[in-house]
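Peer 1: when you get a sec, could you give me coordinates for this:
(one chain, ligands or ions: 2)
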Amino acid sequence: MTETLLEIDDLHVAFDTRAGVVQAVRGVSLTVGRGETLGLVGESGSGKSVTAQAMMGLIDVPGRISGGTVRWCGTPLVGEGVRRAPRNIWGREITMIFQNPMTSLNPLMTIGAQLQEAVRLHLGLRGAAARTRAADLLNAVGISGAARRLDQYPHEFSGGMRQRVMIAMAIASEPRLLIADEPTTALDVTIQAQILELLAELQSQLGLSIILITHDLGIVAGLCHRVAVMYAGQIVETGAVDTMFEQPAHPYTQGLIRSTPLLDACDDRLVAIDGTPPGLLIPPAGCAFQPRCPVATAPCGVPQVLTPTGTGAVACCRAGIDAWKVGAA
Ligand SMILES: Nc1ncnc2c1ncn2[C@@H]1O[C@H](COP(=O)(O)OP(=O)(O)OP(=O)(O)O)[C@@H](O)[C@H]1O
Ligand SMILES: [Mg+2]
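Peer 2: Ligands and ions are numbered 1, 2, ... in the order given. Prediction:
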C-alpha cells in the first residue's frame, strides 16, 4: 500500500442560510495516497466542491465545518480543536485548480508576472531566476514560445491555454497533492483531452497525487486509479476504477455509468436517471437515492453505512443487484 498523504474523516460542512441549515457535506471519509489519482464524481450539488474547499481550509461564512477532520501526513488541518493549520501546507504542498479558472487569473497582470509572483512566494526565487522558472513552468504545461508568452496578458491566451497557465501556477510550488475541480468543464472536447493528458503526464513526471473532481465518469475512466462517488453530500461508493466500471455495486453508480458515453459501449443506449437529488435543508434520514432507486425497499429508510467491498466500499443494502435491469423488469 502507498503512503497515505491526505486523510478525511467523517467531514461535515453546513451553510447557515435564511431558509435554514444546508447540510452540504454529511460525513465524508476519504484517503489519498502518494502518487494516486482519486476521482470524486457526482451530480451537480452533491458536495464535491464544498468537500474540496474544506480540504483547502476555504470554507467561509455562512459555511462552517460542523464535524470531522482533515489531516495531511498525520497533521490535522481542519477539525475540532484546530485553531490554525501549519503554514506551508495549503498553497504549497496542496494546491488547487478552481472550478472557474477564467476568473482566477488577474486580467491586469502579465502571465509572467503572475507566475513569477507564485515562484517568488513559494520557492523564494527573484529576478532572472524567477523568470527562468516561470518559462520552465510554461514549457512544462506545453506552452511553446514561453519567453514571448510571459509578457502577454490573460486575454491573449485561449481558454485551453489559460487552463494550462492555471495548472502551471498550481504546480509552481512543487506540490505533492493537486486538487483539480472540474478542470475541463469549460473547454471543448479536444482541448479537454489535451488537458487531461497533461495532468496524467505531470503526475507521472512529478509523482503528484491528484484529486480530480468531475460530474463526468467518462473522464475518470482514463485518468484515475480510484473513484469516490458522491450523492447528496455523502460518499455512496468507492473502489478501484476498473472494478467500479465493471461491477458498480450502488444503483446510483450503475445509473451514472448507464448515462455516461464510454468508447467501448457504443451499442448501448444512454439512459438518464429520472428525478432529482433531495434538498439538503432537511436531508432524508435513510438512503438519499431511495426515491430514484428502482430497487428501493423498506430497509433503505434507515441510514446506509459504507461497507467494505473487494476494492472499496458501498453504502447500500441492495448493493450488487443489477438495479436498472431488475427495476425495469
Ligand atoms: N455559500 C453557500 N451557501 C449556501 N449553500 C451552499 C453554498 N455553497 C454551496 N452550497 C450548497 O452546498 C451543496 C453542494 O455544493 P457544491 O458546490 O459542493 O456542489 P458540486 O458537487 O460541486 O456541484 P457542481 O457539479 O455543480 O459543481 C449545494 O446544495 C449548494 O447549494
Ligand atoms: Mg462544484
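
Peer 1: what segments of the chain are helices?
Peer 2: For the chain, helices defined by DSSP state H occupy the ranges 48-55, 111-123, 127-140, 146-149, 159-171, 189-206, 217-223, 241-246, 251-258, 323-328.

Peer 1: send the alpha carbons of the longest one over as PDB?
Peer 2: What it means is helix 189-206. Extracted in PDB, the C-alpha atoms of helix 189-206 (Å, rounded to 0.1, in the frame of the first residue of the first chain):
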ATOM      1  CA  VAL A 189     -13.700  18.100 -26.200                       C
ATOM      2  CA  THR A 190     -10.300  18.200 -28.000                       C
ATOM      3  CA  ILE A 191      -8.800  20.700 -25.600                       C
ATOM      4  CA  GLN A 192     -10.300  18.700 -22.700                       C
ATOM      5  CA  ALA A 193      -8.500  15.600 -23.800                       C
ATOM      6  CA  GLN A 194      -5.200  17.500 -24.100                       C
ATOM      7  CA  ILE A 195      -5.600  19.000 -20.600                       C
ATOM      8  CA  LEU A 196      -6.300  15.500 -19.100                       C
ATOM      9  CA  GLU A 197      -3.300  14.100 -20.900                       C
ATOM     10  CA  LEU A 198      -1.200  16.900 -19.400                       C
ATOM     11  CA  LEU A 199      -2.400  16.100 -15.900                       C
ATOM     12  CA  ALA A 200      -1.500  12.500 -16.400                       C
ATOM     13  CA  GLU A 201       1.900  13.400 -17.700                       C
ATOM     14  CA  LEU A 202       2.600  15.700 -14.800                       C
ATOM     15  CA  GLN A 203       1.500  13.100 -12.400                       C
ATOM     16  CA  SER A 204       4.000  10.500 -13.700                       C
ATOM     17  CA  GLN A 205       6.800  13.000 -14.100                       C
ATOM     18  CA  LEU A 206       6.400  14.700 -10.700                       C
END
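
Peer 1: off-centre distance for it?
Peer 2: 15 Å (CA atoms, centre = their mean, to the nearest Å).

Peer 1: ok so, going back, make TSV out of the helices of the chain and add mean neighbour count, distance to ligand 1 and mean pLDDT.
Peer 2: Quick note: C-beta positions are derived from backbone N, CA and C, even for glycine. Compiled in TSV, those are given as follows (neighbours: other CB atoms under 10 Å; distance: least, CB to the nearest ligand atom, whole Å; pLDDT from 0 to 100):
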stretch	mean neighbour count	distance to ligand 1	mean pLDDT
helix 48-55	23	3	96
helix 111-123	20	25	93
helix 127-140	17	27	95
helix 146-149	16	30	92
helix 159-171	21	16	91
helix 189-206	15	16	88
helix 217-223	19	12	86
helix 241-246	18	18	93
helix 251-258	24	13	93
helix 323-328	15	22	80
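
Peer 1: and the residue of the stretch 101-250 of the chain nearest ligand 1?
Peer 2: Closest approach between the stretch 101-250 of the chain and ligand 1, counting by CB to the nearest ligand atom: residue 215, at 4.8 Å.

Peer 1: how about the contacts made by that residue?
Peer 2: 41-44, 48, 182 (CB atoms under 8 Å, 6 or more residues apart in numbering).

Peer 1: let's see it at 10 Å
Peer 2: Residues in contact with residue 215 (CB atoms under 10 Å, 6 or more residues apart in numbering) are 40-46, 48, 182, 185, 230, 256, 260.

Peer 1: same check, this time on residue 31
Peer 2: Applying CB under 10 Å, 6+ apart, the residues near residue 31 are 2, 4-9, 38, 71, 226, 228, 238.

Peer 1: out of those residues, who's nearest residue 85?
Peer 2: Nearest to residue 85 among the contacts of residue 31 is residue 71, at 10.2 Å by CB to CB.

Peer 1: and that closest one, how far is that from ligand 1?
Peer 2: 21 Å (CB to the nearest ligand atom, to the nearest Å).

Peer 1: touching, residue 105 and residue 117? I think so.
Peer 2: No - between residue 105 and residue 117 there is no contact under CB atoms under 10 Å: 11.6 Å.

Peer 1: which neighbours do the two share?
Peer 2: The contact lists of residue 105 and residue 117 share residue 169, where a contact means CB under 10 Å, 6+ apart.

Peer 1: per-residue pLDDT of residue 329, please?
Peer 2: According to the prediction, residue 329 has pLDDT 48.

Peer 1: returning to that earlier point: could the helices of the chain go into a markdown table alongside distance to residue 100?
Peer 2: As requested, the helices of the chain are exported to a markdown table (distance: least, CB to CB, whole Å):
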| stretch | distance to residue 100 |
| --- | --- |
| helix 48-55 | 10 |
| helix 111-123 | 16 |
| helix 127-140 | 21 |
| helix 146-149 | 22 |
| helix 159-171 | 10 |
| helix 189-206 | 15 |
| helix 217-223 | 17 |
| helix 241-246 | 27 |
| helix 251-258 | 24 |
| helix 323-328 | 34 |
